[in-house]
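Chemist: Predicted model and sequence follow; I will ask about them next.
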Amino acid sequence: MVVTEELAGELPAEAVEEAKARAATLLLAFRHGNQLAFDHELDLLLAERAEREVTTLLAWIAAEAVRKAYAPEVGDRVLRAMARRAPADNGAVAVDEESADAARLIEAVAAGEVAEVRGLVASTADTTFLLGGLLQGVAMMLPLLPEGELAEITAELRRRHGGPAAHVPEARAGV
């Protein structure tokens with residue numbers, strides 16, 4: 001049996017796992033350009049004063065990524081170059097609303113053009129706006145569904161994804 005001694009100020013193992021999950025959530029929101037999710041998670045971290053733990057884990061994640069992608073001397077050059085060109089305002093997530101074409105995505109899905117769908121998703125740097133546009137398109141289509149169809153669709157989605165059964169109101173005009 002291995003006995004570990006917890007040092008003063010060190011996080012317990014359970015807290016490390018929680019901090020890793022929170023760091024990953026923050027990193028995913030940043031990577032995908034989801035400013036709302038990024039700001040929400042950051043606000044929670046600041047309120048709970050968990051900045052040090054999460055910053056340490058984000059640095060660890062970045063160091064591991066650099067270590068796996070580059071030889072040591074190249075990795076250091078890459079990090080130095082990044083440090084030199086770091087943005088002055090680092091609180092915003094990079095987004096590209098112009099590259100998101102939800103209409104083309106909906107048309108490609110409707111036509112069953114798998115390669116076109118994959119190409120659109122792959123070429124969209126910020127999928128947040130693409131998915132937002134897709135959701136807006138779906139919301140606009142809901143009032144056009146025949147009565148009872150929405151309940152059948154949501155029931156099928158719940159069966160596939162194991163979600164709890166719940167009553168879903170029928171689509172209304174103007175949704």
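Modeler: Alright, I've got the coordinates.

Chemist: Going by C-alpha atoms from here, please, whenever you check contacts or count neighbours.
Modeler: OK.

Chemist: Roughly how far does L58 sit from L36?
Modeler: 19 Å (CA to CA, to the nearest Å).

Chemist: between the two, which one's more packed in?
Modeler: Neighbour count, other CA atoms under 10 Å: between L58 and L36, L58 has more, with 19 against 12.

Chemist: Can you pull the phi and psi angles for the more buried one?
Modeler: Backbone torsions of L58, given as degrees, to the nearest 10, read phi -60, psi -40.

Chemist: What of H32?
Modeler: Backbone geometry at H32, expressed as degrees, to the nearest 10, gives phi -100, psi 10.

Chemist: what about it, neighbour count?
Modeler: Counted with other CA under 10 Å, the burial measure for H32 works out to 18 neighbours.

Chemist: for E113, same thing?
Modeler: Other residues near E113 number 13, with proximity taken as other CA under 10 Å.

Chemist: Same check on the one 10 residues further on?
Modeler: Residues contacting S123 under the criterion other CA under 10 Å number 12.

Chemist: Then the one 4 residues further on?
Modeler: Close neighbours of T127, defined as other CA under 10 Å, add up to 24.

Chemist: now N34
Modeler: Neighbourhood size, N34 [other CA under 10 Å]: 20.

Chemist: got a pLDDT number for it?
Modeler: Confidence per residue is given as pLDDT, and for N34 that number is 78.

Chemist: how about E147, phi and psi?
Modeler: In terms of degrees, to the nearest 10, the main-chain angles of E147 are phi -60, psi 130.

Chemist: and the gap between it and A65?
Modeler: Relative to A65, E147 is positioned 51 Å away (CA to CA).

Chemist: Kindly report the same for P12.
Modeler: Relative to A65, P12 is positioned 25 Å away (criterion: CA to CA).

Chemist: And G132, by the same measure?
Modeler: From G132 over to A65 the distance is 29 Å, taken as CA to CA.

Chemist: cool, and V114?
Modeler: Using CA to CA, which is the criterion applied here, V114 is 31 Å from A65.

Chemist: Give the buried residues for stretch 55-67.
Modeler: Of the residues in stretch 55-67, those buried by neighbour count under the rule 16 or more other CA atoms under 10 Å are L57, L58, I61, V66.
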